[in-house]
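J.: Compute the structure for the input listed below.
(one chain, ligands or ions: 1)
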Amino acid sequence: MQRSLSLRLSGCAVVCLTILVGVWALLRPVPVMQITIPDTEFYRFPGVSGPGHVSVVPPAVPAKWTGYSQGTTSRLAILLTDPDSAWLGLAHGLKSIGVPFLITRNVQEAIRHQTILVYPTISGKVLSPEALRALAAFPRSGGTLIGVQVRGGGLNEVFGFDEAVDSHQRVEIEFGQTDSLLASFTEPRERRLSVGRRDRAADSMGTVGYTKNAVPLALFEDGTAAVTSKAYARGRTYAIGLDLGFLLLKGHNNRGEELVRDFDNQFDPMLDVWLRLLTQIYRSAEDRAVTLGTVPFGKSLSVLLTHDIDFTQSIKNAVDYAEYEKSQGLVGTYFIQAKYVRDYNDDVYFNETGVGYLTRLAELGVELGSHTIAHSAVFSKFPMGTGEEAYPAYVPFVKDMTTAYNGSILGELRISKYLLEHFSGQTVLSFRPGHLSNPFGLPQALLATGYRYSSTATANNSLTHLPYQLNYDRSTGSEVEIFEFPITIEDEELPKMGDRLPQALDVARKISRYGGLCVVLIHPNILDHKLAFEKGFVEGVRPYAWFGSIAQFGQWWAARNQVQLDVAREAAFFRMTITAPQPLSGLTINVPDGWRLQEPASRLKGIEQRGTSVLFSELRGTETLLFQARSSPNVAQESLIIDRRLRSGGRDVRS
Ligand SMILES: [Zn+2]
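T.: Below is the predicted model:
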């Protein structure tokens, strides 16, 4: 890794450089800065050349909300009032936390659900009078209505506030202590969330503050409500004063610099708090609320031990770490820099000797990932490349922290993968760049070169302790089938890692309270206090942690991402249907308090209930389970919903 220097160029220099680069790029399809490297400066494996195929970066496919429109009424309904919004962030966030949802533009479909989240805004501009009337009636007939950015439409009284006040000046939200929905937010960083920075007000996201709400869940620093609440006989309303999808995408796209408080090693669950709040609201409102667990085999923390090999001595020491991990039954991920060029960074170590250690690592059963070839601090500025780069003709050369020659994103990705696979026999699926230098085009470049998992961000600079799906160009309009597993704990901060074990265990424990992810990065440049830290950390989290490599967890997470879950209310039972297109082991679901699994055969099928958690030792295809609730299914509630549908003759959201 190694922290990146930030390049500061004057505005004029940026403009000039952009023009120069643009003209040059037009004239030459190859990377901008090319120099010839003498043969003596790089290592050539006799008879090795490749890859032979061409990597093609796929075009961006616009994400369609209809891709998330399937499912039944047990799900959280997102009523989308503007398709040209950051809904994809909301969809990916709910996928990560495990709340079943569907997206609809049809108010009549939405009100058949028990819980509706209206996104990204409520106003007379985006909803017809009939739709607004149907939404106004919804909480009175027992539904729970969550409005994001409620700006108009005459629903102020429905949400229980006087005025909605837009502002770009607000920077902080504080949650109250009173509501049981907030009971699990006990840490200071769960109670106080940033929405901007006072010294960078121009960058602050717009927020909506609500005045005179009697029982707000959260307040902005100016005293307006950031989250309102209002209780009805059975229904409830909440108005949220910021664009949750936009906030989620800021984190997932690694574009939330103004909200980032630390680079790494800290507990900062900003996005997770919002997702947990939505989960709590859904659970409290919907008597069929079943959610997906986030950690395999019912454990409460996913721990991924990772190592970056970017130094001569490291590849040798890596074997010691791998032997320790194997002795404990653990599989770590080793991100290897395929360093066959001598340059500013270091001597060549990806040679016959290095490959000897690589082979040993493969024999020990570790996962091998790519840590690029050049390990350039300005990888993020590299051109995409041709997709035809191949060893040994590709010779990237790092001059210093701000300059590298001959490099391209595709070259770094495809040739490192090719060489690691050639010498280890493994299939390389995981990637982490040197210095965590993160090109905007990385998600689609990973896709083009056959990777599936990335560990490029930190948890703190993506504002979450959950994995998430990446987006094309780290932007808003198109998703990519690549998942990010951001780094939580790393070894370059001071004091030295061996002195920080209690703090690291404290962070891990806080994340485990809601089933988060803890990715540990240790550079094996030394053994000493770093290996001691790893041993201490493993012992400390072992009682509650599931351990795996990036690819093991990644495969599980990608399969979980496709799981569909619906619950039907029947005379004496709740019938839950769960479908996993890709098989996965150790998925858990969380059922409402008081539910009892009725299938006597389920134990034979490896399905086991412990309290409110149901564990599937193997899940493949569709499984149907019957649950009996402590009180029988609420038939009255069903008739209320049917009644609501019949009475409301409204029309859909305006298109
Ligand atoms: Zn590195």
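
J.: Report the central residue of the protein.
T.: Nearest to the mean C-alpha position of the chain, by CA atoms, centre = their mean, lies residue 468 at 1.8 Å.

J.: got the contact list for that one?
T.: 92, 93, 96, 251, 252, 462, 483, 484 (CB atoms under 8 Å, 6 or more residues apart in numbering). The way it works is simple: take the backbone N, C-alpha and C, and place the C-beta from them, glycine included.

J.: Over to the fourth one. Which of the three states is it?
T.: I take that to be residue 251. Following DSSP: H, G, I helix; E, B strand; the rest coil, we place residue 251 in the helix state.

J.: cool, the third one as well?
T.: Three-state call for residue 96 (three-state DSSP): helix.

J.: Chain neighbours aside, what residue packs nearest to it?
T.: residue 466 (4.5 Å; CB to CB, 6 or more residues apart in numbering).

J.: one step back: could you measure the residue nearest to the residue nearest to the centre of the chain when sequence neighbours are not counted against the ion, distance?
T.: In this structure, residue 468 finds its nearest non-sequential neighbour in residue 252, 4.7 Å apart by CB to CB, 6+ apart. Counting by CB to the ion, to the nearest Å, the gap from residue 252 to the ion is 23 Å.

J.: my guess is residue 252 meets residue 91, correct?
T.: No - contact criterion CB atoms under 8 Å: residue 252 and residue 91 do not qualify, at 10.9 Å.

J.: okay, those two: which has more neighbours?
T.: Neighbours were tallied for residue 252 and for residue 91 using other CB atoms under 10 Å; the higher tally belongs to residue 252 (29 against 24).

J.: quick one, what contacts the more buried one?
T.: By CB under 8 Å, 6+ apart, the contact set of residue 252 is 89, 92, 93, 462, 464, 468, 469, 470, 471, 484.

J.: if we take those, which one ends up nearest to residue 100?
T.: Set against residue 100, the nearest of the contacts of residue 252 by CB to CB is residue 93 (13.4 Å).

J.: Using the three-state scheme, assign that closest one.
T.: Under three-state DSSP, residue 93 falls in the helix class.

J.: I'd like to know how far the closest residue to residue 310 other than its chain neighbours sits from residue 354.
T.: Leaving out its chain neighbours, the residue that sits closest to residue 310 by CB to CB, 6+ apart is residue 337, at 4.6 Å. According to CB to CB, to the nearest Å, residue 337 and residue 354 sit 10 Å apart.

J.: Likewise for residue 583?
T.: 36 Å.

J.: next one: residue 211
T.: Note on residue 211: its distance to residue 354, by CB to CB, is 65 Å.

J.: which of the two has more neighbours?
T.: residue 354 (23 against 15).

J.: for the chain, which spans come out with low pLDDT?
T.: 1-32, 600-604, 631-655 (pLDDT under 70).

J.: number of nearby residues for the residue of the stretch 301-450 of the chain found nearest the ion?
T.: For the stretch 301-450 of the chain and the ion, the shortest gap (CB to the ion) falls at residue 310, measuring 3.6 Å. Neighbourhood size, residue 310 [other CB under 10 Å]: 25.

J.: do the one 10 residues further on as well
T.: Close neighbours of residue 320, defined as other CB under 10 Å, add up to 12.

J.: next one: residue 385
T.: By the measure other CB under 10 Å, the count of residues near residue 385 is 24.

J.: same check, this time on residue 186
T.: Neighbours of residue 186 under the rule other CB under 10 Å: 10.

J.: doesn't it fall inside a strand?
T.: No - counting by three-state DSSP, residue 186 is not part of a strand but coil.

J.: follow-up on the earlier one: please tell me how far the residue nearest to the centre of the chain sits from the ion.
T.: Between residue 468 and the ion the distance is 22 Å, computed by CB to the ion.

J.: can you check residue 208 too?
T.: Relative to the ion, and taking CB to the ion, residue 208 is found at 42 Å.

J.: again, but for residue 104
T.: Distance of residue 104 to the ion, given as CB to the ion: 45 Å.

J.: Residue 178 now?
T.: Residue 178 sits 47 Å away from the ion when distances are taken as CB to the ion.

J.: Could you look up the SS state of that residue?
T.: Three-state call for residue 178 (three-state DSSP): coil.

J.: So the residue nearest to residue 310 sits against residue 343, correct?
T.: No - contact criterion CB under 8 Å: residue 337 and residue 343 do not qualify, at 11.4 Å.
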